[in-house]
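Chemist: no sequence for this one, just the structure:
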């Protein structure tokens, strides 16, 4: 079996991999910001809810999260009158990964928020800014900047975790590699998986490059 | 009528009383220097005036606005803060904003000035402190002295009734202290009302027309620089001044 066939077969799964990666990452970031927000509230109940979610999210294996999302979430939705039987598998994969990693994202943002210099708040309030403007103009941009190296880390974690979506039968690159190896009774398994590894590696380098460009353009500290 | 009047201001942190009922009355154009040992509550008092610290009790009157510290609403806080500006010990410029944006930010979001007008005003203020060519620099790219002068420009651009200075020179290189002191002196001569927490006695003597000596959460003495600094009657103040002069 030649290299071209292997690459072609694996790359057929690339759109699914990238789609799931990017969307679940964005969704997870939103969940993370929300969890940060809730965990910074003054009342104990909100903080408790944030802690509970963070604990569950960080304590559950991503594989289990995907299985729960695919097999159990539709039942839950059915219960409240939503028929999710025909929904795309990609949706459940995205949801499972986003919720599964949301706890980590929340911690990334919360830690960044807490390391913003207290004087930045004081200076903003002192010029007469309202709380919402203080957050939007001064604090959140700094939170984002501080969190960026960890966000990049998380993104690469997502890339690799996205290979787990094979368990719910999505034809991503990993599943295609497994199928191809099985079709040939495992004879070419090593070659196939080396190619797969190289493709993941190239994707990593590509996204690292994008992050680097962004950081270079937007650094002020 | 006094411009600012603070009565019986009390504040404690975790059962430790930091301010024990402070009174202060200042008139328009006053430059008040607050001196005293570390931990005597000077900075807490200063930050209470614009409610960066929330006092436990007491009242504040600024022109016709009155408020009771024990029951301040967010709207009252905003109203007071929009008449007062502050310059910080560590400059506290917005790290994610350029020198110019540091000045326009408060005008746009704190005073509802249009972006164009804010930019014009900011340029004027930057020119006044001789830093117009640094307008697109971020704070991290500027020296401490430059940052503090932008901090002062940020405050004056707001046309505040009062500017609060929290040890404006104590984080600066000794070499740069002079330029910042000159800027503040210029403001004083233009009639800007200011309250300055400082350790620089020479600065207090040069710029201030009233001096407050803080000790252990109380005002120990309040008077002219001559009375307090040159002819102190109180033994504690004498001791403090001689200890400080030995350091310099």
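Modeler: Received it, and whenever you're ready, just let me know what you need. It should be emphasised that the depicted structure is a prediction, and the values quoted were computed from it without experimental measurement.
Chemist: compute the distance between residue A:21 and chain B, please.
Modeler: Here the criterion is C-beta to the nearest C-beta, to the nearest Å. By it, residue A:21 lies 28 Å from chain B. (Glycine included, C-beta is placed from N, CA and C.)
Chemist: same question for residue A:183.
Modeler: Note on residue A:183: its distance to chain B, by C-beta to the nearest C-beta, is 54 Å.
Chemist: what pLDDT is listed against that residue?
Modeler: Per-residue confidence for residue A:183 comes out at a pLDDT of 90.
Chemist: what about residue 125, how many residues nearby?
Modeler: Unless you meant another one, I'm taking chain A. The burial count assigned to residue A:125 is 21, neighbours taken as other C-beta atoms under 10 Å in any protein chain shown.
Chemist: try again with chain B
Modeler: Other residues within reach of residue B:125, judged by other C-beta under 10 Å, total 24.
Chemist: ramachandran angles for the residue nearest to residue A:133 when sequence neighbours are not counted?
Modeler: Closest residue to residue A:133 apart from its sequence neighbours, by C-beta to C-beta, 6 or more residues apart in numbering or on different chains: residue B:109 at 4.4 Å. Dihedral angles of residue B:109 (phi, psi; degrees, to the nearest 10) stand at phi -90, psi -20.
Chemist: surely residue B:109 meets residue A:135?
Modeler: No: assessed by C-beta atoms under 8 Å, residue B:109 is found out of contact with residue A:135, at 11.4 Å.
Chemist: higher neighbour count, the two?
Modeler: Comparing residue B:109 with residue A:135 by other C-beta under 10 Å, the one with more neighbours is residue B:109, at 21 against 17.
Chemist: quick one, what contacts that one?
Modeler: Counting by C-beta atoms under 8 Å, 6 or more residues apart in numbering or on different chains, residue B:109 touches A:127-130, A:133, A:137.
Chemist: now for those: which two are most distant?
Modeler: For those, with distances taken as C-beta to C-beta, the pair at the greatest spread is A:128 and A:137 (12.6 Å).
Chemist: tell me which of the two has more neighbours.
Modeler: Looking at residue A:128 and residue A:137 with other C-beta under 10 Å, you find the greater number of neighbours at residue A:128, namely 25 against 18.
Chemist: can you tell me the SS state at that one?
Modeler: coil (DSSP: H, G, I helix; E, B strand; the rest coil).
Chemist: element containing residue 7?
Modeler: By default, I'm working from chain A. In the assignment (DSSP states H and E), residue A:7 maps to helix A:3-11.
Chemist: ah, I was thinking of chain B
Modeler: strand B:4-13.
Chemist: what packs against that strand?
Modeler: The criterion is 3 or more C-beta pairs under 8 Å, 6 or more residues apart in numbering or on different chains; DSSP states H and E, and the helices and strands that strand B:4-13 contacts are strand B:16-26, helix B:42-49, strand B:57-62.
Chemist: looking only at pLDDT, what's the mean for the longest one?
Modeler: Mean pLDDT, computed over strand B:16-26, is 93.
Chemist: now do stretch B:85-100
Modeler: Averaging the model's pLDDT scores along stretch B:85-100 yields 96.
Chemist: again, but for stretch A:99-116
Modeler: If you average the pLDDT over stretch A:99-116, you get 96.
Chemist: gap between it and the chain center?
Modeler: Remark: stretch A:99-116 is offset 12 Å from the chain centroid, using C-alpha atoms, centre = their mean, to the nearest Å.
Chemist: quick one: contacts of the helix holding residue A:7?
Modeler: The set of residues external to helix A:3-11 that reach it, using C-beta under 8 Å, 6+ apart, is A:173, A:176-177, A:180, A:188, A:191-192, A:195-196, A:199.
Chemist: how about those in TSV, adding distance to residue A:112, neighbour count and secondary structure?
Modeler: As requested, the contacts of helix A:3-11 are exported to TSV (distance: C-beta to C-beta, whole Å; neighbours: other C-beta atoms under 10 Å in any protein chain shown; DSSP: H, G, I helix; E, B strand; the rest coil):
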residue	distance to residue A:112	neighbour count	secondary structure
A:173	32	25	helix
A:176	37	23	helix
A:177	36	23	helix
A:180	42	21	helix
A:188	45	16	coil
A:191	43	16	helix
A:192	40	24	helix
A:195	37	20	helix
A:196	34	22	helix
A:199	32	19	helix
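Chemist: would you mind naming what in chain A lies close to chain B?
Modeler: Taking C-beta under 8 Å from any C-beta of the partner chain as the test, the list of chain A residues beside chain B reads A:117, A:119-120, A:122-130, A:133, A:137-138, A:141-142, A:145, A:220-221.
Chemist: buried subset of these, written for PyMOL?
Modeler: Here is the PyMOL selection string for the buried members of the residues of chain A next to chain B, based on 16 or more other C-beta atoms under 10 Å in any protein chain shown:
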select buried, chain A and resi 119+120+122+123+124+125+126+127+128+129+130+133+137+138+141+142+145+220
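Chemist: contacting residues around residue A:113?
Modeler: Contacts of residue A:113 were listed using C-beta under 8 Å, 6+ apart, and they are A:36, A:40, A:139, A:143.
Chemist: among those residues, name the buried ones.
Modeler: Buried residues within the contacts of residue A:113, defined by neighbour count using 16+ other C-beta under 10 Å: A:36, A:139, A:143.
Chemist: report the secondary structure state of the last one.
Modeler: Spelled out, it's residue A:143. Judged by three-state DSSP, the three-state class of residue A:143 is helix.
Chemist: so it touches residue A:110, yeah?
Modeler: No: taking contacts as C-beta under 8 Å, residue A:143 lies outside contact range of residue A:110: 9.2 Å.
Chemist: surely residue B:106 and residue B:153 touch.
Modeler: No: the criterion here is C-beta under 8 Å, and residue B:106 misses it with residue B:153 at 10.6 Å.
Chemist: against residue B:139, how distant is the residue nearest to residue A:133?
Modeler: Separation of residue B:109 from residue B:139 (C-beta to C-beta, to the nearest Å) stands at 18 Å.
Chemist: same deal with residue B:22?
Modeler: The gap separating residue B:22 from residue B:139 is 33 Å, by C-beta to C-beta.
Chemist: ok, residue A:52 next?
Modeler: Look at residue A:52 and residue B:139: by C-beta to C-beta, they are 39 Å apart.
Chemist: which of these two has more neighbours?
Modeler: The neighbour comparison of residue A:52 against residue B:139 (other C-beta under 10 Å) goes to residue B:139, with 21 against 11.
Chemist: wait, that one sits on residue B:94?
Modeler: Yes: in this structure, residue B:139 is within contact of residue B:94 by C-beta under 8 Å, at 7.4 Å.
Chemist: overlap of the contact sets of the two?
Modeler: Contact criterion C-beta under 8 Å, 6+ apart; residues shared by residue B:139 and residue B:94: residue B:102.
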